[in-house]
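Novice: predicted model and sequence below, questions to follow.
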Amino acid sequence: MADLDRIVRLKTVLVRTGLSRSTLYRKISEGSFPKQIPISAHGAGWRESAINRWISDPAGYRHDAS
């Protein structure tokens, strides 16, 4: 795994996953997509490693504490 884990923003996540914004947020609430992490007072992003893990197995992804 890379030493640095980039933070990617919503637009990049939507392009990489092919999901719509509403589907992405529904999946987050279901626990079947990685949660965002706060990066500023009004902004959030996703760890690139978590997005890559979801892309490698979307049907099998479940949010866990790791």
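Specialist: Yep, it's here. Source: prediction; values computed, not measured. Numbers count the residues shown, from 1 in each chain.
Novice: remind me, longest strand of this protein?
Specialist: Identified as the longest strand of the chain according to DSSP state E is strand 44-47.
Novice: paired strands for that strand, with orientation please.
Specialist: The strands beside strand 44-47 in its sheet (DSSP bridges) come out as strand 7-8 (antiparallel), strand 37-38 (antiparallel).
Novice: so which of those strands gets nearest residue 18?
Specialist: Across those, residue 18 has its closest neighbour in strand 7-8 (14.5 Å, Cβ to Cβ). The way it works is simple: take the backbone N, C-alpha and C, and place the C-beta from them, glycine included.
Novice: and the closest one, how far out from the chain middle?
Specialist: Taking the mean of its C-alpha atoms, strand 7-8 sits 9 Å from the chain's own mean (Cα atoms, centre = their mean, to the nearest Å).
Novice: now tell me what touches that strand from outside.
Specialist: 16, 37, 39, 45, 46, 47, 48, 51 (Cβ atoms under 8 Å, 6 or more residues apart in numbering).
Novice: now do stretch 32-42
Specialist: With Cβ under 8 Å, 6+ apart, stretch 32-42 has contacts from 7, 19, 24, 27-28, 44-47, 50-51, 53-54, 58, 61-63.
Novice: convert the C-alpha atoms of that stretch to PDB, please.
Specialist: What follows is stretch 32-42, C-alpha atoms only, in PDB (Å, rounded to 0.1, in the frame of the first residue of the first chain):
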ATOM      1  CA  SER A  32     -22.300  -0.200   1.500                       C
ATOM      2  CA  PHE A  33     -20.000   2.600   0.500                       C
ATOM      3  CA  PRO A  34     -17.100   4.300   2.400                       C
ATOM      4  CA  LYS A  35     -18.100   7.300   4.500                       C
ATOM      5  CA  GLN A  36     -16.600  10.700   3.900                       C
ATOM      6  CA  ILE A  37     -14.000  12.300   6.200                       C
ATOM      7  CA  PRO A  38     -14.100  16.000   7.100                       C
ATOM      8  CA  ILE A  39     -11.300  18.000   5.500                       C
ATOM      9  CA  SER A  40     -12.400  21.500   6.300                       C
ATOM     10  CA  ALA A  41     -15.300  23.300   8.000                       C
ATOM     11  CA  HIS A  42     -17.500  22.900   4.900                       C
END
